[in-house]
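Visitor: below are the sequence and a predicted model; questions follow.
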Amino acid sequence: MAKRLVDRNAVVSGGGRGIGRAIALALAQEGANVVVCDLGTATDGSGADLSPADEVAAECRALGVQALAHHGDVADFEAAGDTVRTCVDRFGRIDILCNIAGIARPRMIFNMSQEEWDRVMAVHVKGTFGLSRHACRIMRQQRYGRILNCTSDERAGAAGQANYSAAKGAIASLTYATAWDMGKYGITCNAISPAARTRFLANPELMAGFEKRVGAGLWSKEMLDQAKHLAPPEYLAPVAAFLCSDAAAHINGCVVGAGGHKLSYWPPPSEAVVFARDWERDGPWTWEELERCMPSLLKGYVNPAPPQNTG
């Protein structure tokens with residue numbers, strides 16, 4: 001490696017396994033010191049295991065950098081602050097924050113419990129906010145920083161993933177907002193939308209949801225096959241390291257789709273077709289106007305889940 005991140009100090013949440021682990025190691029390979037933050041839970045957020053974070057920190061040190069584990073819960077605002085302070089206290093400053101921690105509790109919305117909703121939102125959204133907020137206060141003083149969030153293609157909506165989709169959509173919006181807030185201080189905030197083979201894909205409920213998409217005509221059989229044969233996280237980790245480097249100083253507020261098989265750009269949501277009118281002259285929309293405008297407004301639209309004929 002060219003060691004393009006020498007003298008940079010990073011925090012990687014969710015760094016004990018999967019995509020977070022791959023990113024932590026990619027940063028270390030480029031010379032960055034790393035705080036590996038991971039509570040070591042199961043994919044649904046239950047339990048705790050200190051060993052994944054400890055092991056990844058050891059792997060980073062074997063690459064010749066300084067590294068240590070932090071076992072705080074990212075959903076706890078004070079623990080998030082302690083994670084950032086640990087990086088500053090041990091390494092002198094924080095230059096890079098990668099918000100990768102996440103859990104999944106798939107359930108159809110009519111069966112989803114409040115706790116399943118709250119916990120997924122807490123880990124993904126509050127965790128990303130908490131770490132970012134604490135890091136931004138320091139990065140703003142430094143006039144330097146790189147923040148990388150983790151969203152998902154699922155933010156467009158998916159069967160059985162109301163909590164996860166909502167959380168990942170919120171993270172994409174948080175990425176745009178943070179970029180606006182921090183860009184003038186020399187701090188970038190971007191996100192990756194990863195596609196990789198991780199333990200999350202071993203969840204039978206998640207795979208069942210993918211199968212339902214094919215049955216509903218939302219996915220092709222080829223898309224399902226691709227989801228079953230994704231590359232390991234190590235194949236996309238260089239994308240994350242690049243976005244955390246000075247080579248990406250001009251990239252801010254972007255969502256990049258990353259996988260071993262693809263690199264893509266997700267532009268921010270925007271209006272596609274607009275029917276303009278003078279509301280003071282024309283008054284409220286009429287039923288007849290709506291019937292006339294909707295076919296053109298929704299041209300090409302396909303109902304993602306049409307009613308099923310149950311006989």
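Guide: It's in.
Visitor: rest of the way, CA atoms for contacts and neighbours
Guide: Will do.
Visitor: what's the end-to-end length of stretch 118-130?
Guide: Chord length of stretch 118-130, first to last residue, is 16 Å (C-alpha to C-alpha, to the nearest Å).
Visitor: what does the average pLDDT come to for that stretch?
Guide: Mean pLDDT, stretch 118-130: 98.
Visitor: likewise for stretch 303-311?
Guide: 76.
Visitor: for it, buried residues please.
Guide: Buried residues in stretch 303-311, defined by neighbour count with 16 or more other C-alpha atoms under 10 Å: none.
Visitor: how far does that stretch sit from its chain's centre?
Guide: Taking C-alpha atoms, centre = their mean, to the nearest Å, one finds the center of stretch 303-311 at 31 Å from the center of the full chain.
Visitor: could you do stretch 116-131 as well?
Guide: The answer for stretch 116-131 is 11 Å, by C-alpha atoms, centre = their mean.
Visitor: end to end on that stretch, go ahead and measure it.
Guide: 22 Å.
Visitor: contact partners of it?
Guide: 45, 74-77, 80-81, 83-84, 97, 99, 101-105, 149, 163-164, 166-168, 170-171, 174 (C-alpha atoms under 8 Å, 6 or more residues apart in numbering).
Visitor: now intersect those with the strands, please.
Guide: If you go by DSSP state E, the contacts of stretch 116-131 have 97, 99, 149 in strands.
Visitor: most surrounded residue in these?
Guide: Among the ones in strands among the contacts of stretch 116-131, the one with the most neighbours (other C-alpha atoms under 10 Å) is Asn99, at 29 neighbours.
Visitor: might one say that that residue is in contact with Arg146?
Guide: No. Asn99 is beyond contact range of Arg146, at 11.0 Å (criterion: C-alpha atoms under 8 Å).
Visitor: what about the helix or strand where Arg292 lies, distance to the chain center?
Guide: Using DSSP states H and E, the element containing Arg292 is helix 287-297. Here the centre of mass of C-alpha atoms in helix 287-297, compared against the chain's by C-alpha atoms, centre = their mean, lies 37 Å away.
Visitor: what do you get for stretch 174-192?
Guide: 14 Å.
Visitor: Asn9 and Val74: what is the separation?
Guide: Going from Asn9 to Val74 by C-alpha to C-alpha gives 19 Å.
Visitor: ok, which stretches of the stretch 1-150 of the chain are strands?
Guide: Along the stretch 1-150 of the chain, the stretches classed as strands by DSSP state E, counting those that start in this stretch are 9-13, 33-37, 67-70, 96-99, 145-150.
Visitor: deepest of these, which one?
Guide: With neighbours defined as mean count of other C-alpha atoms under 10 Å, those peak in mean count at strand 33-37, which reaches a mean of 32.
Visitor: ok, that one: who's next to it in the sheet?
Guide: In the sheet, strand 33-37 lines up against strand 9-13 (parallel), strand 67-70 (parallel) (DSSP bridges).
Visitor: what sits up against it?
Guide: By C-alpha under 8 Å, 6+ apart, strand 33-37 touches 6-16, 24, 27-28, 53-54, 56-57, 60, 65-72, 83, 86-87, 91.
Visitor: circling back to that earlier point, dump the strands of the stretch 1-150 of the chain to JSON lines, plus mean pLDDT and distance to Leu230.
Guide: Listed next are these as JSON lines, based on pLDDT from 0 to 100; distance: least, C-alpha to C-alpha, whole Å:
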{"stretch": "strand 9-13", "mean pLDDT": "98", "distance to Leu230": "22"}
{"stretch": "strand 33-37", "mean pLDDT": "98", "distance to Leu230": "25"}
{"stretch": "strand 67-70", "mean pLDDT": "98", "distance to Leu230": "28"}
{"stretch": "strand 96-99", "mean pLDDT": "98", "distance to Leu230": "22"}
{"stretch": "strand 145-150", "mean pLDDT": "98", "distance to Leu230": "17"}
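Visitor: tell me where the model's unsure across the stretch 101-250 of the chain.
Guide: For the stretch 101-250 of the chain, the stretches with pLDDT under 70 are 200, 202-206, 209, 213, 216-219, 223-224.
Visitor: can you give me the helices for it?
Guide: With helices called from DSSP state H, counting those that start in this stretch, the stretch 101-250 of the chain shows them at 114-121, 127-142, 162-182, 204-215, 221-228, 237-243.
Visitor: who are the contact partners of the closest residue to Ala177 other than its chain neighbours?
Guide: Closest residue to Ala177 apart from its sequence neighbours, by C-alpha to C-alpha, 6 or more residues apart in numbering: Gly253 at 7.9 Å. Neighbouring residues of Gly253 by C-alpha under 8 Å, 6+ apart: 175-180, 188-191.
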